[in-house]
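Asker: turn this into a model:
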Amino acid sequence: MSTRIIHEKQDLKYLQWSQIRSSSGTAGSFLKATDDLQKPKKYYKLSNYDGINGIIGHECVNELITDRLLNILGIEHLHYDLIHAEITVNDKNIDTYLCMSEDFKKIGENKAALDTFYEAEHLAHETPMEFCIRNGWEKIVISRGLRWQNSMKRFLIKEKTSCISSQGR
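Answerer: Okay, here's the model as predicted:
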């Protein structure tokens, strides 16, 4: 699947925006919305938003850049389209660009954020990277590290980098 940039403004004012998606997926710090009427279901994500200044970030563009880079590298990932749209947040119409992806979960499949799963399942004194290696996810963690932005996920990449550096001495 290739990423697209849709410049023609779409009317998406009917979407309801929340930090917690109405699905079994992960929550995050950016406003999200779902469109259950489309098949397959569509997920939308805004860049950084605050109630006073509106959309103040450029994270949706970052998603598109990362998507294209992962395509070039041949790494499996969730694809995003960048869409020009008019939306409504807190009764205010906003003209913006946002990200859209298709539903990536299979019917009946549940997903959890890595940091949540780590907290629930790690062994005593096991670091996040050791946990991922034990579960066979080392390559996935490193490749997806290009996209992860919270501190726990940055820690995983820093730990792996320091392991590589110490092995090379």
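Asker: where does Leu69 fall, secondary structure wise?
Answerer: In this assignment (DSSP states H and E), Leu69 forms part of helix 59-73.
Asker: buried residues, that helix. List them.
Answerer: Buried positions in helix 59-73, judged by neighbour count with 16 or more other Cβ atoms under 10 Å: Glu59, Cys60, Glu63, Leu64, Thr66, Asp67, Leu70. Any C-beta I mention is one placed from the backbone N, CA and C, and that applies to glycine too.
Asker: remind me, longest strand of the chain?
Answerer: Once the chain is assigned using DSSP state E, the strand that runs over the most residues is strand 92-102.
Asker: would you indicate which residues of the helix or strand that that strand is followed by are buried?
Answerer: Counting by DSSP H and E, the element after strand 92-102 in chain order, helix or strand, is helix 114-121. When neighbours are counted by 16+ other Cβ under 10 Å, the buried residues of helix 114-121 are found to be Leu114, Asp115, Tyr118.
Asker: so what's Leu15 up against?
Answerer: With contact set as Cβ atoms under 8 Å, 6 or more residues apart in numbering, Leu15 has these partners: Ala33, Thr34, Asp35, Tyr44, Ile87, Thr88.
Asker: could you look up the SS state of the first one?
Answerer: When the structure is reduced to helix, strand and coil (DSSP: H, G, I helix; E, B strand; the rest coil), Ala33 reads as strand.
Asker: for the last one, same thing?
Answerer: Here Thr88 is strand, with the state taken from three-state DSSP.
Asker: any idea how many residues pack against the nearest residue to it once chain neighbours are set aside?
Answerer: Counting by Cβ to Cβ, 6 or more residues apart in numbering, the nearest residue to Thr88 once its immediate chain neighbours are dropped is Lys13, at 4.4 Å. The number of residues packed around Lys13, counting by other Cβ atoms under 10 Å, is 12.
Asker: now tell me which helix or strand of the protein has the poorest mean pLDDT.
Answerer: Within the chain, no helix or strand scores below helix 151-167, which has a mean of 43 by mean pLDDT, DSSP states H and E.
Asker: return the member of the buried residues of helix 59-73 nearest to Asn93.
Answerer: Nearest to Asn93, judged by Cβ to Cβ, of those is Cys60 at 18.0 Å.
Asker: and the closest one, what does it touch?
Answerer: Taking Cβ under 8 Å, 6+ apart as the definition, contacts of Cys60 comprise Lys45, Leu46, Ser47, Tyr80, Leu82, Tyr97, Leu98, Cys99.
Asker: I am finished for the moment; much appreciated.
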